[in-house]
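>>> Could you look at this predicted model? Sequence included:
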Amino acid sequence: MKVRLALLSVVLATSYATAQDKNKVEAYNVVEEGSPQAILITKINEEASDEKRVALCLEYEKKYLNSDTMLWVYDQLQSTYEKLGQKQNALGVSQRILKIDPDNVPAAHALLTDAAERKDAAAELTWATSVADISKRVLAATTPKPGEEPNEFKHRVEFAKQANQYAEYVFYTVASQTAPKDRPPVLDAFRQRFPQSKYLQAAESTGTETTRVVLNGEAGLAAIDKALAEGKADDEMVLMAANYYLQRSPERAMHYCQRLLQIVNGPKPASVPDGDWPRRRSIAMGQAYWMMGMINSSAEDYASADRNLRAALGYIRGDEQKTAAALFHLGYANFRLAASSSDKTRVQDAIRYTEACIKMNTNIKAAAVRNLDLIKRQYNMQ
């Protein structure tokens with residue numbers, strides 16, 4: 001007798017705030033009931049010990065690597081590695097998933113996110129290219145795959161859209177931080193995959209000089225400060241400097257964000273076409289307020305984080321990842337502010353922003369769900 005098993009491939013994607021996002025793709029396989037393969041599947045499913053489950057999954061991989069059930073087993077193996085805190089082993093599973101499912105966007109996205117966290121430019125380009133190419137194939141599909149439910153197809157397409165946007169931004173950041181002599185092939189790959197990117201002009205036009213001075217360390221800072229003092233620095237130069245220092249030196253990033261706001265709130269630079277200034281000004285203001293708010297939140301300056309992230313929201317709506325991060329930190333900032341004040345609206349704002357973050361269904365959803373539960377329990381609102 002044969003039993004039809006519904007197998008869920010859950011691919012974990014690491015992210016900002018170390019949260020996890022699960023993308024479920026249903027697959028089907030026919031397994032002989034009572035066969036050694038079926039028995040091993042049952043053992044994996046029922047094993048309570050994480051260490052033993054890993055061993056069982058590796059045993060299954062060795063024996064049944066070519067079976068369609070490997071996606072389900074890789075799901076078990078990857079989630080168990082995550083529970084054990086073995087991030088690199090979990091990422092290794094993502095690479096194995098891509099060998100048997102080349103269009104698995106979450107697996108490629110997890111590897112891209114890891115490369116970005118490590119600031120490994122070569123790996124960032126490799127996986128940004130992979131995510132962009134895979135997402136393009138997924139987004140070209142008009143109907144679900146055989147055996148795929150419509151809602152699962154919708155979820156897969158939405159995830160591909162978000163991952164593609166992230167890959168676009170990674171191309172931009174890597175291009176803007178690459179030495180001028182090494183930049184042409186990076187820009188070529190960027191143009192090929194995102195010819196209409198809103199970031200492309202910035203990477204092509206002002207990025208060369210900005211990258212040169214920033215990568216020169218203190219000398220680069222002096223050159224930028226001199227340009228600012230002389231009124232010769234434009235918004236894109238200062239924005240790239242702020243982006244460059246966001247993770248390396250929050251204090252410097254804050255300085256450039258504040259100077260950036262001074263530039264965009266002043267007269268339009270003569271070198272900027274009239275029709276392009278509103279767009280550039282909007283981008284610069286959104287990025288500056290967002291970075292300032294994130295720096296404030298990290299420093300536990302929750303009042304400033306609340307003010308700056310609220311200001312950012314009006315400008316960054318088109319960037320789902322940044323919007324979700326802003327909502328997440330706004331929720332937490334208002335939760336912390338509520339504890340130190342009698343302003344009851346802070347609790348409501350904490351809930352409102354956190355719920356909005358959850359609805360976006362990005363890779364920090366799980367962390368937002370945990371925060372929402374914490375807020376409601378703290379104020380007896382279950």
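Perfect, I can see it now.
>>> So in this structure, which helix runs the longest?
helix 150-176 (DSSP state H).
>>> which of the residues in that helix are buried?
By 16 or more other CB atoms under 10 Å, the buried positions in helix 150-176 come out as 152-153, 155-157, 159-160, 162-176. For every residue, glycine as well, the C-beta is placed using N, CA and C.
>>> list the helices and strands it packs on?
On a contact count with 3 or more CB pairs under 8 Å, 6 or more residues apart in numbering; DSSP states H and E, helix 150-176 meets strand 20-32, helix 105-118, helix 121-140, helix 183-193, helix 200-205, helix 207-215, helix 235-245, helix 320-339.
>>> what about residue 299, how many neighbours?
By other CB atoms under 10 Å, 13 other residues sit near residue 299.
>>> what's the answer for residue 360, then?
What residue 360 shows, counting by other CB under 10 Å, is a neighbour count of 18.
>>> rewinding a little: so how far is the longest helix of the chain from its chain's centroid?
Helix 150-176 sits 9 Å away from the centroid of its parent chain (CA atoms, centre = their mean, to the nearest Å).
>>> tell me which helix or strand of the protein sits lowest on mean pLDDT?
strand 2-14 (a mean of 28; mean pLDDT, DSSP states H and E).
>>> any idea which helix or strand carries residue 72?
helix 70-83 (DSSP states H and E).
>>> Only the buried residues of that helix, if you could.
By 16+ other CB under 10 Å, the buried positions in helix 70-83 come out as 70-82.
>>> now it against helix 105-118, angle please.
Orientation check (axes from the mean of the first three to the mean of the last three CA atoms, to 10 degrees): helix 70-83 against helix 105-118 gives 30 degrees.
>>> for helix 70-83, packing partners?
Counting by 3+ CB pairs under 8 Å, 6+ apart, helix 70-83 packs on strand 2-14, strand 20-32, helix 36-46, helix 50-64, helix 87-100.
>>> now the angle between helix 87-100 and that helix, please.
Inter-element angle recorded for helix 70-83 and helix 87-100: 170 degrees (by the same axes, to 10 degrees).
>>> Now do helix 70-83: distance to the chain's middle.
21 Å.
>>> related to what we said a few turns ago, could the buried residues of helix 70-83 go into TSV alongside pLDDT and distance to residue 298?
TSV is the format used below for those (pLDDT from 0 to 100; distance: CB to CB, whole Å):
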residue	pLDDT	distance to residue 298
70	90	40
71	88	37
72	87	39
73	92	38
74	92	34
75	86	33
76	89	35
77	93	33
78	89	29
79	88	29
80	91	31
81	91	28
82	88	24
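>>> Pick the one among these closest to residue 49.
The closest of the buried residues of helix 70-83 to residue 49 turns out to be residue 80 (CB to CB; 9.7 Å).
>>> ok, the closest one touching residue 56?
No. Using CB atoms under 8 Å, residue 80 makes no contact with residue 56, being 9.7 Å away.
>>> what about the helices and strands packed on helix 150-176, which gets the closest to residue 66?
Taking CB to CB, strand 20-32 is the member of those nearest to residue 66, at 11.7 Å.
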